[in-house]
Structure formats: structure tokens, C-alpha cells
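In: Sequence first, then the predicted structure, then my questions.
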Amino acid sequence: MLASKIESEEANLLVRSRAGDTAAFGRLVELYADRVVTVCARMVRDRGVAEDLAQEAFVKAWQSLAGFDGRSTFYTWLYRIAVNLCLSERRRPRRVVGAIDDGVMGRAESAVARPDEAAEMREEHGLILTALAELDEEHRAVVVLRDIEGLDYGEIAGILGVARGTVKSRLHRGRMALRERLRVQGSEGPKGQG
């Protein structure tokens, strides 16, 4: 019921946006901005760069709206634009990496009662993000979109422009590589001692 209401609102906003209604497009930005910034932050590991990339994704979407053919949802199309921008950003020469998705970690920590649990959660979160950053782009993108963003295989296939089977294969390989990196990190112990 809620999904059909959102789809109906999205369809209405798209019709209005295509007619040049910037307020309607602004509403689409409101609907998806947090999710687009979050996926970008997880891909590039720099909140400031992620916000810039999300903004660029919305600008590209606005400029290309006439070319949106509706074969996928607007959300899937927008994510594809954002993920492609992130992949391009990661291919550029490395910049100094800043804060890593502090908003999500802060919300998770606030649900924990004891300070020692919060500290342990921060450490685990850092280990996971470090291991995730070590994955190659193809595997990292699929793991982020499926396991963190919760997208289904069809949505991911549409975003990345690959077959569903490719998504499943990359996800399996990405998860295995992530598990191995986390196992190695765990055997090293704190700060590499262990």
C-alpha cells in the first residue's frame, strides 16, 4: 500500500518535472537525497565528496530527465547515475579521506546503552568500512547496494547496467572477499598486534 502511494507520487512528480516544474523535481530530491548521499558516502568514504557527488547526480538527472524512458523506476535510474559518478571519482587520483558516514554510526551508537558497547560498535564499524574500501569497485558497489542499501538484484542490475546473474556472482565474490579481509583483520588483533 505504502509502496504504491510512493510510486504514484513519484510518477506525478516525474510528469510535472518533465514539464519544467522545479518544485516537483525538488520534491524528488527531498525523497531520495539522504539515500543517495549515504550510498555515495559508502562508496567514496568521504562525506563531503559524497554530498558533492549526490548533488552532481541530481543535476545530471535534471538535465537528462527528458531521456528517462521509465523502463526502471526513477530511484533506480538516479542510483545508477550516482554509482557511476562514484566509480568515476574512485578512479581519480586519491584525495585525503575524511569522515566516514558519521550520521549512520551516530544513530547506531545512540541505540546502545553502555559506552563500552558503543566503543566496540565504532571499532567494528571501522573495521568493516576499511575492509569494504579494500574491495575492488565492482564488488564494493554490489555489496553496498545489496547489503547496506537493501536493493534487490533487479534494481542493482539496472543501476550497474549488468545482468542479474552478474550481480549475484559479484555479490558472492564480494562477500567472500569481505569475509576474508575481516578474518585477517581479526587475526591481527588491535592495531596489528596479535
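Out: In hand now; what should we look at?
In: What is the end-to-end distance of stretch 17-25?
Out: Length of stretch 17-25, first residue to last, C-alpha to C-alpha, to the nearest Å: 5 Å.
In: likewise stretch 159-170?
Out: Counting by C-alpha to C-alpha, the terminal residues of stretch 159-170 are separated by 14 Å.
In: So for that stretch, what gets flagged as buried?
Out: For stretch 159-170, burial by neighbour count (16 or more other C-beta atoms under 10 Å) applies to 159-160, 162, 166-167, 170. Every residue, glycine included, has its C-beta placed from N, CA and C.
In: ok, residues contacting stretch 51-67?
Out: Identification of contacts with stretch 51-67 by C-beta atoms under 8 Å, 6 or more residues apart in numbering yields 14, 17-18, 25, 29, 33, 36-37, 40, 44, 68, 77-78, 81-82, 85-86, 89.
In: ok so, going back, among the buried residues of stretch 159-170, which ones are in helices?
Out: 159-160, 166-167, 170 (DSSP state H).
In: The residues you listed into TSV, with extra columns for distance to residue 48 and pLDDT?
Out: Below are these laid out as TSV (distance: C-beta to C-beta, whole Å; pLDDT from 0 to 100):
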residue	distance to residue 48	pLDDT
159	23	83
160	25	85
166	32	91
167	29	90
170	28	90
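In: Residue 124 and residue 44: what is the separation?
Out: 21 Å (C-beta to C-beta, to the nearest Å).
In: the more surrounded of these two?
Out: Higher neighbour count among residue 124 and residue 44: residue 44, with 24 against 11, using other C-beta atoms under 10 Å.
In: got the contact list for the more buried one?
Out: Contact analysis of residue 44 by C-beta under 8 Å, 6+ apart lists 50, 53, 86, 89-90.
In: mind listing what the nearest residue to residue 140 once chain neighbours are set aside touches?
Out: Nearest residue to residue 140 in three dimensions, chain neighbours excluded: residue 132, at 6.0 Å (C-beta to C-beta, 6 or more residues apart in numbering). Applying C-beta under 8 Å, 6+ apart to residue 132 gives the contacts 42, 140, 143-144, 178.
In: Looking at the residues you listed, which one is closest to residue 73?
Out: Set against residue 73, the nearest of the contacts of residue 132 by C-beta to C-beta is residue 144 (18.5 Å).
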